[in-house]
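Engineer: missing the sequence, but the structure's below:
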């Protein structure tokens, strides 16, 4: 049975298939989502962003402002600034999915070429490993700390490994089932974890001191502004980390959904993450100076709230882990067509789990996390800037079928450019990312040669943004793209050149072509 609903301002009604059950394994891979299966709404986009970040992983990022030596109110200011600025950059990234019916990495083929879009796949892989690892690690440590306090079970590497494995395995199971199951988990996290985080007001009212200030001598980078900017950038990494993933979820939203609804859903979803962020800031002042934040928080909590934290940790580990791992499974399966979405998810999940064990039990994972979030923001933001400019120039008009050329084992088409690469976007991104890393200051792992160019103030973000904007816009003006890459209205504010697109040709012997045929047969069956 189908239901009929109006899609946006379109006068024609769209017949929608019923939503799949959460226990049905998702049939769609990276292919364009049919209009009849686009049963999500902007509110779902809000919930999956908020749910995916309403976790202990976000709490950990919130604690780092205090760990860097800021006072409570300085940390609050850095947190709010990071969330708001990051959300502004993120908002346009929710527009691609409804237009193209696929994820943002594949959509980026319009601006990087259908082969050059592997840049987006690389960024999503980097982000997934980082935030999947953080979610499993922090949630596992919270559960271990609670078991140690409540049941007297001694902490040990074996216990941590078992807890990490249980959480990591459940995350993989949810992701294997796909989008609908993941959406259910994040709906739960939105409600349950919000209530549980807010209960902290009761739990810590008697011990929290808003005047907390360790003094200027404790600034991690020696003075206020460099430390404040570093804290802001770390917070920004959370909304920026969603950049490569928003299309994974917004592709299930009807294509004629008003732009303001999509932008609003992303903005509100990120602003709502101030709840777990500020929970981290507040509780970090209570356990300041302790080497293990999670264990120290469990010990400092009233007994009843220590029980609550187990629930928060478990739900949060699932929601962050699933939102990170889901999109990477999609991308990996398209870059390496011999893997299905399920197989790719299992492979990435296994690799990330090994990273957790090695990093947490052998090396300093906190240092690795700091480096990861630094690398994420410096390399992902220029990509997002190029995508946003490209969307504006192309008036948000894309050919969904021709974006799938690479995934189907084909060559040619309107986004083929030069051998599948659009050097305009690629060169702008590569140079911007390198310039950003040269100015980056994420000690001790990432310290660029120009990190002290402004007295220790991190200029990596400004350098990367300006470089991306200047190079990409200059390339579009000096070397216009072919006219056939644009919609019927042509480009906005830049020129184009007349040229005939190459015919699309299928390489039937390629693994991608065979995999595409198998996916289509499965969908039809």
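Structural biologist: Nice, I can see it. Owing to the predicted nature of the structure, the values given are computational and were not obtained by experimental measurement.
Engineer: Residue 411 belongs to a strand?
Structural biologist: Yes - under DSSP: H, G, I helix; E, B strand; the rest coil, residue 411 sits within a strand.
Engineer: ok, the nearest residue to it once chain neighbours are set aside - contacts?
Structural biologist: The shortest distance from residue 411 to any non-neighbouring residue, by Cβ to Cβ, 6 or more residues apart in numbering, is to residue 505 (5.4 Å). Using the backbone N, CA and C atoms, a C-beta is placed for each residue, glycine as well. Residue 505 makes contacts with 410-412, as judged by Cβ atoms under 8 Å, 6 or more residues apart in numbering.
Engineer: how near is residue 505 to residue 210?
Structural biologist: Separation of residue 505 from residue 210 (Cβ to Cβ, to the nearest Å): 66 Å.
Engineer: ditto for residue 117
Structural biologist: Counting by Cβ to Cβ, the gap from residue 117 to residue 210 is 47 Å.
Engineer: between the two, who's got more neighbours?
Structural biologist: residue 117 (31 against 11; other Cβ atoms under 10 Å).
Engineer: Next up, phi/psi of the more buried one, please.
Structural biologist: When quoted as degrees, to the nearest 10, the phi and psi of residue 117 stand at phi -70, psi -10.
Engineer: Double-check it against residue 104; I have them as touching.
Structural biologist: No - applying Cβ atoms under 8 Å, one finds residue 117 not in contact with residue 104, separated by 9.1 Å.
Engineer: you'd agree residue 289 is in a strand?
Structural biologist: No - counting by three-state DSSP, residue 289 falls outside a strand, being coil.
Engineer: and it, what pLDDT?
Structural biologist: Per-residue pLDDT puts residue 289 at 84.
Engineer: is the nearest residue in space to residue 116 that is not next to it in sequence in a bridge, and if so with what?
Structural biologist: Leaving aside its sequence neighbours, residue 116 sits nearest to residue 421 (Cβ to Cβ, 6+ apart; 4.3 Å). When bridges are called by DSSP bridges, residue 421 pairs up with residue 418.
Engineer: could you measure the residue nearest to residue 80 when sequence neighbours are not counted against residue 79, distance?
Structural biologist: Among residues not flanking residue 80 along the chain, residue 274 sits closest, at 6.8 Å (Cβ to Cβ, 6+ apart). Residue 274 sits 7 Å away from residue 79, going by Cβ to Cβ.
Engineer: so the closest residue to residue 292 other than its chain neighbours is in which element?
Structural biologist: Distances taken as Cβ to Cβ, 6+ apart put residue 141 closest to residue 292, at 7.4 Å, once the chain neighbours are dropped. Residue 141 is located in helix 118-151, with elements delineated by DSSP states H and E.
Engineer: Just the mean pLDDT for that helix, thanks.
Structural biologist: The model assigns helix 118-151 a mean pLDDT of 84.
Engineer: Can you give me the buried ones in the helix or strand just after that helix?
Structural biologist: Counting by DSSP H and E, the element after helix 118-151 in chain order, helix or strand, is helix 157-177. Buried positions in helix 157-177, judged by neighbour count with 16 or more other Cβ atoms under 10 Å: 159-161, 163-164, 167-168, 170-172, 174-177.
Engineer: what's the angle between helix 157-177 and helix 118-151?
Structural biologist: 130 degrees (axes from the mean of the first three to the mean of the last three Cα atoms, to 10 degrees).
Engineer: packing partners for helix 157-177?
Structural biologist: In terms of contacts (3 or more Cβ pairs under 8 Å, 6 or more residues apart in numbering; DSSP states H and E), helix 157-177 is packed against helix 118-151, helix 179-198, helix 303-335, helix 341-361.
Engineer: between those helices, which one is nearest to residue 294?
Structural biologist: For these, proximity to residue 294 was assessed by Cβ to Cβ; helix 118-151 is nearest, at 4.2 Å.
Engineer: which other helices and strands contact the closest one?
Structural biologist: Using 3+ Cβ pairs under 8 Å, 6+ apart: helix 118-151 touches helix 56-67, helix 104-107, helix 157-177, helix 224-241, helix 293-300, helix 303-335, helix 341-361, helix 365-393.
Engineer: most tightly surrounded among these?
Structural biologist: helix 104-107 (a mean of 29; mean count of other Cβ atoms under 10 Å).
Engineer: what's the angle between the helix holding residue 141 and helix 365-393?
Structural biologist: 140 degrees.
Engineer: count of neighbours near residue 207?
Structural biologist: Considering only other Cβ under 10 Å, residue 207 is surrounded by 13 other residues.
Engineer: From residue 310, how far out is it?
Structural biologist: Distance from residue 207 to residue 310, by Cβ to Cβ: 21 Å.
Engineer: before we move on, what about residue 223?
Structural biologist: 40 Å.
Engineer: same check, this time on residue 192
Structural biologist: 12 Å.
Engineer: quick one on the thing from earlier: the one helix or strand the residue nearest to residue 411 maps to pairs with which strands?
Structural biologist: Assigned by DSSP H and E, residue 505 belongs to strand 502-506. With DSSP bridges as the test, strand 502-506 is paired with strand 410-413 (antiparallel).
Engineer: what's the span of stretch 431-451 from first residue to last?
Structural biologist: By Cα to Cα, to the nearest Å, the extent of stretch 431-451 from end to end equals 17 Å.
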